[in-house]
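1. Sharing a model prediction with you, sequence too.
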Amino acid sequence: MSVLSEYMLIVRATDAGSPFLSSTIPVHILVTMADNAPPRFSKQVYAVEVYENQPIGAYVSLLETRSSSSLFYEIMEGDSNEMFLINPSTGVITTQQQLDYESRQWYNLTIEASNMAGAKSLCWVSVHVLDRNDNAPRFLQVSYSGSVLESAAIGSLVLTNNSSPLALKARDDDSGLNSLLSYDIVESLPRRFFKIDPITGVIRTTLGLDYETTPEFHFSVKVFDSGHPQLSSDTVARVRISVMDVNDNPPLFVTPHYNATLFLPTYGGVTVLLVNALDPDTLTNTRLRYDIIDGNKGDVFAVDETTGKITVANHKNVKHYHSLHLRVSDGKFSGVARVYIKVERSGSSYLRFHKELYEGTVLENSTKISNILVVDVLGGCLNEHVLFSILSPTDMFEIGSTSGAIRTSGKKFDREEKEHFEI
């Protein structure tokens, strides 16, 4: 195609005389196409942009073409799904289906124009589909769980059970700013303790945690994109964060002072008192141990380091009054309580055992529950209600509260471990 469709020229004629003489004349030239010349497009390649989700019939482009006769336009290639329509007479391209950026981002159309003389020409139209924020983000999981130590510093990552950072994952099918996501904790209380990185989705602490106050957090998270209009997920992701306990609290006795009365006569192994302590920490490997740290002159008493049961150890050294300092420890922290034991002699009783010493035997390795012997008392009135109990409790023997029959409990005896019991 010529650069201009018409030209205005000034033509000058000059003779060879002296002096030279000349004359000028304007010349108007119109450029026209030959009758058999092919159509000529104003561009060989058109590049256009169209937003997705435009209504059917939306304008795409107009093809400017020169020809000596009327033209017929046709899409030859690049529109296998028949997304576009070209007006055969005017060369206006429109949509005949809604475009979807997420399905296809561009089309390369080959357009043919033919005139009445049968001459043909081709041009190419590159249609770039632009994204609209028409897809809401969605989470890849409906629930997430992780844990963090209560001693973790502010800014620490919440971890999964395989020690990797807990990260919420969401997807947005849009592109660019429309797919840039941010996360928000719905509930106000968890938002004080945790924050979510808007890019990676990982969760960090923002305040110090305390297992004894809040051992677990449950909250909901929404995800938003950065498009216009801004879209958010239709559903929330549920997050559960377990605060892991650490040994940061001392064990405490149920009461700081215990009072007990021990009646004479007494014997070794007689239970005086059972103390109890609690540890606010709940570590499964934490074991409380009890011991007497003061006031046990003559080793009169002993305490079971596991159960906290105080028993008589040396009845010959018993005084009228004892004040013990008892300690409980979890291996790192400890607590102390005072135990006051008042010693009194039993009032005179007309009851007495028939024997001062009863003896019996049991077979080792036997788990059969069987009676060993029966203790009986003298001096009681006819049909008087008498109750029997073992003062030095053991899980190997039991006594009938009204019969006085001592029997085995069903636990196996091992002579090599212990061959003599005194109750």
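-> In hand now; what should we look at?

2. and the residue nearest the centre of the chain, what does it touch?
-> Among the residues of the chain, the one closest to the centroid is Ser145, at 2.5 Å (Cα atoms, centre = their mean). By Cβ atoms under 8 Å, 6 or more residues apart in numbering, the contact list for Ser145 reads 160-161, 166, 239-242. Every C-beta, even on glycine, is put in place using the N, C-alpha and C of the backbone.

3. switch the cut-off to 7 Å
-> Contacts for Ser145 (Cβ atoms under 7 Å, 6 or more residues apart in numbering) come out as Arg240.

4. got the CA coordinates for the helix or strand hosting it in CSV?
-> Take DSSP states H and E as the rule and Ser145 turns out to sit in strand 143-149. C-alpha atoms of strand 143-149 as CSV (Å, rounded to 0.1, in the frame of the first residue of the first chain):
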residue,chain,number,x,y,z
SER,A,143,-8.8,-27.9,59.1
TYR,A,144,-5.3,-27.4,60.3
SER,A,145,-3.6,-28.4,63.6
GLY,A,146,-0.2,-27.6,65.2
SER,A,147,1.5,-27.1,68.5
VAL,A,148,3.9,-24.7,70.3
LEU,A,149,5.7,-24.9,73.6
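
5. Could I get the buried residue list for that strand?
-> If you call a residue buried by 16 or more other Cβ atoms under 10 Å, then strand 143-149 has these buried ones: 144, 146-148.

6. what comes up buried for stretch 196-203?
-> Across stretch 196-203, burial judged by 16+ other Cβ under 10 Å covers 196, 201-203.

7. Now render those as a markdown table, adding secondary structure and distance to Lys309.
-> Listed next are the buried residues of stretch 196-203 as a markdown table, based on DSSP: H, G, I helix; E, B strand; the rest coil; distance: Cβ to Cβ, whole Å:
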| residue | secondary structure | distance to Lys309 |
| --- | --- | --- |
| Ile196 | strand | 52 |
| Gly201 | coil | 54 |
| Val202 | strand | 50 |
| Ile203 | strand | 47 |
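
8. which residues sit in contact with the closest residue to Phe139 other than its chain neighbours?
-> Closest residue in space to Phe139, ignoring its immediate chain neighbours: Ala237 at 4.4 Å, by Cβ to Cβ, 6 or more residues apart in numbering. Ala237 makes contact with 139, 141-144, 168, 221, according to Cβ under 7 Å, 6+ apart.

9. which residues does Ala237 form a beta bridge with?
-> Taking DSSP bridges as the rule, Ala237 bridges to Val221.

10. quick one: it from Ile341, how far?
-> As for Ala237, its distance to Ile341 is 60 Å (criterion: Cβ to Cβ, to the nearest Å).

11. ditto for Val48
-> Counting by Cβ to Cβ - Val48 and Ile341 are separated by 99 Å.

12. More neighbours: these two, which one.
-> Ile341 (23 against 15; other Cβ atoms under 10 Å).

13. doesn't that one fall inside a helix?
-> No: secondary structure assignment (DSSP: H, G, I helix; E, B strand; the rest coil) places Ile341 in strand, not in a helix.

14. which one is it nearest to, not counting chain neighbours?
-> Sequence neighbours aside, His322 is the residue nearest to Ile341 in space, at 4.3 Å (criterion: Cβ to Cβ, 6+ apart).

15. who does the helix or strand harbouring that neighbour touch, helix- and strand-wise?
-> Using DSSP H and E, His322 maps to strand 321-329. Contact here means 3 or more Cβ pairs under 7 Å, 6 or more residues apart in numbering; DSSP states H and E; on that basis strand 321-329 packs against strand 289-294, strand 334-345.
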